[in-house]
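# next input, structure requested:
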Amino acid sequence: MKRTFTNLIICLLLPLAIACKKGGSPNPGTGTTGPTGTTGTTGTTTTTDTAKLYFPPVAGTTWQTVSVASLGWDQTQLDALYPYLEGVGTKAFIILKDGKIVTEHYFGAFTADSLWYWASAGKTVTAMLVGIAQHDGLININNKTSAYIGTGWTSAPLDKENLITIKNQLTMTSGLDDGVIDQNCTLPGCLVYKADAGTRWAYHTGAYTILDSVIERTSGMSFNAYFQQKLRNKIGMSGLWIKSPHSNNVYYSNARSMARFGLLMLNKGTWDATPILADTGYFNSQINTSQNLNLSYGYLTWLNGKASSMLPQTQIVFPVSIIPNAPADLYAALGKNDQKVYVVPSQKLVVIRMGNTAGGVNMAGDDFDNTLWGKLKTIIKY
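Numbering: from 1, shown residues only. Next up is the predicted model:
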């Protein structure tokens, strides 16, 4: 998360709460077209099914839509949102309600077929994949990581390395130093002991990325192959993980694939009637506070509505939630430069944003989150 989000939190802590800041042609709100052309959506509906989520077919481009008017949302405010989104570098923006597209908008040369990186939003995908691997009997998240990939994967003393479990990596409590020069590096020399596992929360990409090796070693498959077989192909996503040598593993896809994953998260790991992550206990742990250091973090998933929160690259505990303007039950996959998968169960919403940074360089989230949800509040009227 970047410095401006820290400023936002500081503003919220002031006695009088200073209001912190942050402008595509309008999309008609049907989800069928954008400035770059037709996306292939069909089947507009006039009412919302509040009893059951809609799931688009796994193959093809069909995706039912629902009108803004039928939802009682504010079309004028929605139209005003697009210039703002374009002005802050957005490339793709999608809102799903009950699984149906309310709006799908692309900016500039970006289209429904364009690929973009998820950055750290992909961490949440990995967390679900770890849950699948555990359900498959390949791992137990309470076991030490070295049980699966051998010792020496860090430069920590052996007794300290052996304290680190898969769950510590899922919860960002490995105790490895996030202050190294390259925190994306996965070489042992970059994975340096800082504190005993479980005693310190720190957003550390290199430590998390080792989970990919755990899945590869235990499944006998490449990370991409396991992901495609167990998750991607089952819900109709496109895309590919691209790994830099001894560094981060980043997912690239189109915006609808991101929306499909958000819908899977909204339905607690089940795609329509097909369980993708059958372990409901694991999923519930993923979207709830995972440790007592950062209440706003689950298993590689950000949580709203908590009494306090921590940010990457700081050990300060702020007595506010991560997105005050958003519904309290929101959970999210947040990536560098404002890649967003927001899920709101109480509203049956999935909101997707892909693009360049909305301002500065940040690791996961920033004040853009709160500004956007302030605008969405006027549209959705939650």
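# CA atoms for contacts and neighbours, from now on please.
Fine.
# report the central residue of this structure.
residue 333 (1.1 Å; C-alpha atoms, centre = their mean).
# quick one: secondary structure of that residue?
Following DSSP: H, G, I helix; E, B strand; the rest coil, residue 333 is assigned to strand.
# skipping adjacent residues, who's closest to it in space?
Using C-alpha to C-alpha, 6 or more residues apart in numbering and skipping residues adjacent in sequence, the residue nearest residue 333 is residue 121, 4.4 Å away.
# roughly how far does that neighbour sit from residue 325?
20 Å (C-alpha to C-alpha, to the nearest Å).
# higher neighbour count, the two?
When residue 121 and residue 325 are compared for neighbours, residue 121 comes out ahead with 26 against 18, by other C-alpha atoms under 10 Å.
# mind listing what the more buried one touches?
Residue 121 sits next to 333-336, 339-341, 364 when contact means C-alpha atoms under 8 Å, 6 or more residues apart in numbering.
# before we move on, the earlier item: the residue nearest to the centre of the chain against residue 342, yeah?
Yes. The pair residue 333 and residue 342 qualifies as a contact (C-alpha atoms under 8 Å) at a distance of 6.6 Å.
# circling back: residues in a beta bridge with the residue nearest to the centre of the chain, which ones?
On the basis of DSSP bridges, residue 333 is bridged to residue 341.
# mind listing what it touches?
Residue 333 touches 120-124, 300-302, 340-342, counting by C-alpha under 8 Å, 6+ apart.
# list just the nearest of these to residue 353.
Of all the contacts of residue 333, residue 340 has the smallest distance to residue 353: 5.0 Å, by C-alpha to C-alpha.
# roughly how far does the closest one sit from residue 273?
Residue 340 sits 26 Å away from residue 273, going by C-alpha to C-alpha.
# over to residue 134?
Residue 134 is 21 Å from residue 273, by C-alpha to C-alpha.
# who has more neighbours, the two?
Using other C-alpha under 10 Å as the criterion, residue 134 and residue 273 rank with residue 134 on top: 17 against 8.
# surely the more buried one and residue 142 touch.
No. Counting by C-alpha under 8 Å, residue 142 is not a contact partner of residue 134; they are 10.3 Å apart.
# what's around residue 229, how many residues?
10.
# again with residue 352
22.
# wait, is it part of a helix?
No. Read with three-state DSSP, residue 352 is strand and lies in no helix.
# and the pLDDT at it?
Note on residue 352: pLDDT of 98.
# how close does it get to residue 164?
Counting by C-alpha to C-alpha, the gap between residue 352 and residue 164 amounts to 33 Å.
# cool, residue 178 as well?
Applying C-alpha to C-alpha to residue 178 and residue 164 gives a distance of 15 Å.
# among the two, which residue is more densely surrounded?
Higher neighbour count among residue 178 and residue 164: residue 178, with 26 against 22, using other C-alpha under 10 Å.
# quick one, what contacts the more buried one?
Each residue near residue 178 by C-alpha under 8 Å, 6+ apart is listed here: 202-204, 313.
# repeat that for residue 319.
Applying C-alpha under 8 Å, 6+ apart, we find residue 319 in contact with 307-309.
# who wins for neighbours among those residues?
When neighbours are counted by other C-alpha under 10 Å, residue 309 leads those with 22 neighbours.
# just checking, that one touches residue 295?
Yes. Counting by C-alpha under 8 Å, residue 309 touches residue 295, with 5.9 Å between them.
# how about residue 182: what's its closest non-neighbour residue?
That would be residue 190: by C-alpha to C-alpha, 6+ apart, it lies 7.2 Å from residue 182.
# hang on, that neighbour packs against residue 180?
Yes. Counting by C-alpha under 8 Å, residue 190 does reach residue 180; the two are 6.7 Å apart.
# who's more crowded, these two?
For residue 190 versus residue 180, neighbours defined as other C-alpha under 10 Å are more numerous around residue 190 (23 against 14).
# and that one, how close does it get to residue 235?
Look at residue 190 and residue 235: by C-alpha to C-alpha, they are 36 Å apart.
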